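> Mind looking at a prediction? Sequence and model below.
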Amino acid sequence: MNEHKHKMTTEEVRVYWGKKNIPQQWYSKKDPFTRQWFNELAYKRYSRYYPYLKDELEFENHRGEEILEIGCGIGTDLAEFAQGGAVVTGTDLGPDQVMLSKLNLDLRGLPYKEITEANVENLPFPDGSFDLVYSIGVIHHVANPEKAISEIFRVLKPDGKAIVLVYARGWKHYLKRCLVHGILKGKWFRYGFDWRKVRSEVSEVHGSSPRTEIWTKREVRKLFKQFPTLEIKKRRLGEFFEYKPYNTVMFPAFVRNILFLLGLESLIGENWFVKADKTKWPKEETFFGVWWRHY
Ligand SMILES: C[S@@+](CC[C@H](N)C(=O)[O-])C[C@H]1O[C@@H](n2cnc3c(N)ncnc32)[C@H](O)[C@@H]1O
């Protein structure tokens with residue numbers, strides 16, 4: 001695919017993701033910035049939009065540990081870790097996100113060590129500071145994702161772990177971005193055959209993100225090449241399957257249940273969920289290995 005013709009800057013990313021574009025705000029119609037509003041955002045995030053996040057992020061399993069979030073947005077996940085007893089630090093590129101995350105935790109009476117503006121490409125923390133670094137829906141938007149991942153690696157303790165969600169090249173890419181917007185709506189031609197521009201334009205709720213990457217499993221593995229232990233899987237069938245996009249409709253339950261039963265989430269899911277350890281842990285035994293040695 002073509003290189004993006006327009007070279008975007010971190011400042012453009014900061015401006016784009018501020019104010020009305022900070023995700024999750026549209027989940028609740030309650031009075032913004034109240035405790036009730038934050039509570040509803042959290043409820044909808046974990047019950048409707050990302051039902052698997054509570055399991056995957058291990059909120060309850062890091063009591064007393066030092067935890068860092070990259071791109072904390074409105075602070076919903078950070079609050080969940082604080083609730084679980086972790087010592088939490090949040091970072092985001094934008095001042096609005098920092099202010100909202102602090103407000104979120106303050107209103108809910110939850111403690112935090114620090115919530116501050118920082119670019120993941122240049123984290124203001126010494127080497128080996130954190131037991132867990134996590135980042136949900138951020139790394140595919142940054143100017144230099146390789147640098148971002150090597151910074152995450154650097155600030156982790158030697159036995160630390162990273163949990164990162166990034167966009168996958170799933171059904172949404174081929175059907176919505178390539179076929180509908182790229183070909184049928186003619187954007188691929190209008191944008192000089194620049195696929196990156198097409199997908200950046202339609203990937204987010206408010207459109208026209210300065211940069212949105214989507215990666216294959218091989219590309220994700222390459223990005224995390226410093227980490228000796230890696231688990232990568234696809235999650236989230238996404239809009240129409242798990243939630244109503246833009247408050248419209250959902251496919252009937254039987255369609256969704258069939259797709260889940262067939263295990264299609266692992267094939268056509270729209271997000272990669274990456275769990276990466278800084279230590280090389282022994283590989284899990286294969287079924288045949290166990291069978292041969294123990295039975
Ligand atoms: C799609 S939002 C995700 C927010 C939150 N993690 C969530 O799941 O709702 C992307 C966030 O990443 C932040 N971000 C983008 N580039 C960044 C960078 N280089 N360093 C730190 N944060 C960044 C944006 O400011 C924005 O708040």
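Nice, I can see it.
> Tell me which stretches of the stretch 51-200 of the chain form helices.
Counting by DSSP state H, counting those that start in this stretch, the stretch 51-200 of the chain forms helices over residues 53-56, 76-83, 95-107, 145-155, 171, 187-190, 195-202, given from the N-terminal end onward.
> Nearest to the ligand, out of those helices?
With Cβ to the nearest ligand atom as the criterion, the ligand lies closest to helix 95-107 of these, at 4.6 Å. The way it works is simple: take the backbone N, C-alpha and C, and place the C-beta from them, glycine included.
> and that closest one with the ligand, contact?
Yes: using Cβ under 6 Å from any ligand atom, helix 95-107 reaches the ligand at residue 97.
> Report the buried residues of that helix.
Neighbour-count burial for helix 95-107, with 16 or more other Cβ atoms under 10 Å as criterion, is recorded at 96-98, 100-105, 107.
> which bits of the stretch 101-250 of the chain sit near the ligand?
Residues of the stretch 101-250 of the chain lying close to the ligand (Cβ under 6 Å from any ligand atom) are 119-121, 136-138, 141-142.
> TSV please, covering these and showing neighbour count.
Formatted as TSV, the entries for those read as follows, by neighbours: other Cβ atoms under 10 Å:
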residue	neighbour count
119	20
120	27
121	17
136	24
137	17
138	24
141	25
142	22
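> Sort out which of these are in strands and list them.
Taking DSSP state E as the definition of strands, these contribute residue 136.
> Make CSV out of the buried residues of helix 95-107 and add pLDDT.
Listed next are those as CSV, based on pLDDT from 0 to 100:
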residue, pLDDT
96, 95
97, 95
98, 97
100, 96
101, 97
102, 98
103, 97
104, 97
105, 98
107, 97
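> Columns distance to residue 200 on top of those residues, output as a markdown table?
Below are those laid out as a markdown table (distance: Cβ to Cβ, whole Å):
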| residue | distance to residue 200 |
| --- | --- |
| 96 | 21 |
| 97 | 20 |
| 98 | 25 |
| 100 | 24 |
| 101 | 25 |
| 102 | 30 |
| 103 | 30 |
| 104 | 28 |
| 105 | 31 |
| 107 | 34 |
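> Tell me the strands beside the longest strand along the chain, with direction?
Criterion DSSP E: the longest strand present in the chain is strand 156-167. Strands flanking strand 156-167 in the sheet, each with its direction: strand 130-136 (parallel), strand 271-277 (antiparallel) (DSSP bridges).
> Pick the most deeply packed of those strands.
For the strands paired with strand 156-167, the largest average neighbour count (mean count of other Cβ atoms under 10 Å) is found in strand 130-136, namely a mean of 23.
> pull the CA atoms of that strand into PDB?
These are the backbone C-alpha positions of strand 130-136, laid out as PDB (Å, rounded to 0.1, in the frame of the first residue of the first chain):
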ATOM      1  CA  PHE A 130       6.500  -0.800  36.200                       C
ATOM      2  CA  ASP A 131       5.000  -4.300  36.700                       C
ATOM      3  CA  LEU A 132       2.400  -3.800  34.100                       C
ATOM      4  CA  VAL A 133       2.100  -1.300  31.200                       C
ATOM      5  CA  TYR A 134      -1.200  -1.400  29.200                       C
ATOM      6  CA  SER A 135      -2.600   0.600  26.400                       C
ATOM      7  CA  ILE A 136      -6.000   0.200  24.700                       C
END
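> returning to that earlier point: flag every buried residue along the longest strand of the chain.
The neighbour-count criterion (16+ other Cβ under 10 Å) identifies 156-157, 160-167 as the buried residues of strand 156-167.
> Now do the strands in the chain.
Using DSSP E, the strands of the chain run over 66-70, 87-92, 114-117, 130-136, 156-167, 229-235, 271-277.
> Would you format those strands as JSON lines with mean pLDDT included?
Output for these, formatted as JSON lines (pLDDT from 0 to 100):
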{"stretch": "strand 66-70", "mean pLDDT": "98"}
{"stretch": "strand 87-92", "mean pLDDT": "98"}
{"stretch": "strand 114-117", "mean pLDDT": "98"}
{"stretch": "strand 130-136", "mean pLDDT": "98"}
{"stretch": "strand 156-167", "mean pLDDT": "97"}
{"stretch": "strand 229-235", "mean pLDDT": "94"}
{"stretch": "strand 271-277", "mean pLDDT": "96"}
